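1. Sequence isn't available, so here's the structure alone:
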């Protein structure tokens, strides 16, 4: 099992460009999450999906959209990237019945110039 | 979801026990205490969780006070590889979201 896979690992964007960060898990988990982590800071929840077809805002949702395409995949879209969105983005999923136990991807390092 | 308070940083000598405290005075009856750690630049890693009773696994022990208002994560024999940021999270099993605080940066020194 690969666990939680994020693509791409690195990305550089210009201000105003759009892109989609991809996340897939192969553990049959219901819940999936997107976080961002700025340098020297803790993780902040962007969006959350409790199950296929449902999404919910987290702490910092502005400037982002998400799609829970199916049970495996949860994507994060930046429609018009801004320098303030320069960050490391982590995707996570968690077990049915034990949804506090999360499994994290390796992260996507995004720079917006 | 209840908030947690952790010291921003701690040091520990290699081979000694590392005791990381967490205050969660507003925790409610259906909320669990979860601990994660994040080694530099990597994704966070689950360590342990508990509701009321003390818990132990191959990585650590979790001691929860009787009133459940605080807990302590114990790494019994800290190694240099345990240097990381440790996060204490309170999570409820009715639609709770995994919300991370600032965590404690643990430095294990030779």
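-> Structure's in. What do you need? The model shown is predicted, which means the values in this text are computed figures rather than measured ones. Residues are numbered from 1 along each chain as shown, chains lettered A, B, ... in the order given.

2. how about the residues of chain A that lie near chain B?
-> By CB under 8 Å from any CB of the partner chain, the residues of chain A that approach chain B are A:4, A:33, A:35, A:41-45, A:48, A:50, A:56, A:58-59, A:88, A:90, A:92, A:94, A:99-107. C-betas here are computed from N, CA, C, even on glycine.

3. So which of those sit within strands?
-> Among the residues of chain A next to chain B, the ones falling in strands (DSSP state E) are A:4, A:33, A:35, A:43-45, A:48, A:56, A:88, A:90, A:92, A:94, A:99-104.

4. Report the buried members of the residues of chain A next to chain B.
-> A:4, A:33, A:35, A:42-45, A:48, A:50, A:58, A:88, A:90, A:92, A:94, A:99-107 (16 or more other CB atoms under 10 Å in any protein chain shown).

5. Excluding chain neighbours, give the residue nearest to residue B:42 in space.
-> Leaving aside its chain neighbours, residue B:42 sits nearest to residue A:106 (7.0 Å; criterion: CB to CB, 6 or more residues apart in numbering or on different chains).

6. got a list of what the one you found touches?
-> Residue A:106 makes contacts with A:6, A:9, B:42, B:43, as judged by CB atoms under 8 Å, 6 or more residues apart in numbering or on different chains.

7. From those residues, list just the buried residues.
-> By neighbour count, with 16+ other CB under 10 Å, the contacts of residue A:106 hold A:6, B:43 as buried.

8. got a list of what the residue nearest the centre of chain A touches?
-> Residue closest to the mean C-alpha point of chain A, counted by CA atoms, centre = their mean, is residue A:34 at 3.0 Å. Applying CB under 8 Å, 6+ apart to residue A:34 gives the contacts A:21, A:23, A:45-48, A:58, A:64, A:66, A:74, A:76, A:89-91.

9. same check, this time on residue A:52
-> A:30, A:68, A:70, A:71.

10. Excluding chain neighbours, what is closest to it?
-> residue A:71 is the one closest to residue A:52 (CB to CB, 6+ apart), at 4.8 Å.

11. Pull the number of nearby residues for the one you found.
-> The tally of other residues near residue A:71 (other CB atoms under 10 Å in any protein chain shown) stands at 16.

12. quick one: it from chain B, how far?
-> Residue A:71 sits at a distance of 18 Å from chain B (criterion: CB to the nearest CB, to the nearest Å).

13. so what does the host helix or strand of residue A:76 touch, helix or strand wise?
-> For residue A:76, the enclosing helix or strand under DSSP states H and E is strand A:74-78. Counting contacts by 3 or more CB pairs under 8 Å, 6 or more residues apart in numbering or on different chains; DSSP states H and E, strand A:74-78 is packed against strand A:19-25, strand A:31-37, strand A:43-49, strand A:65-68, strand A:87-95.
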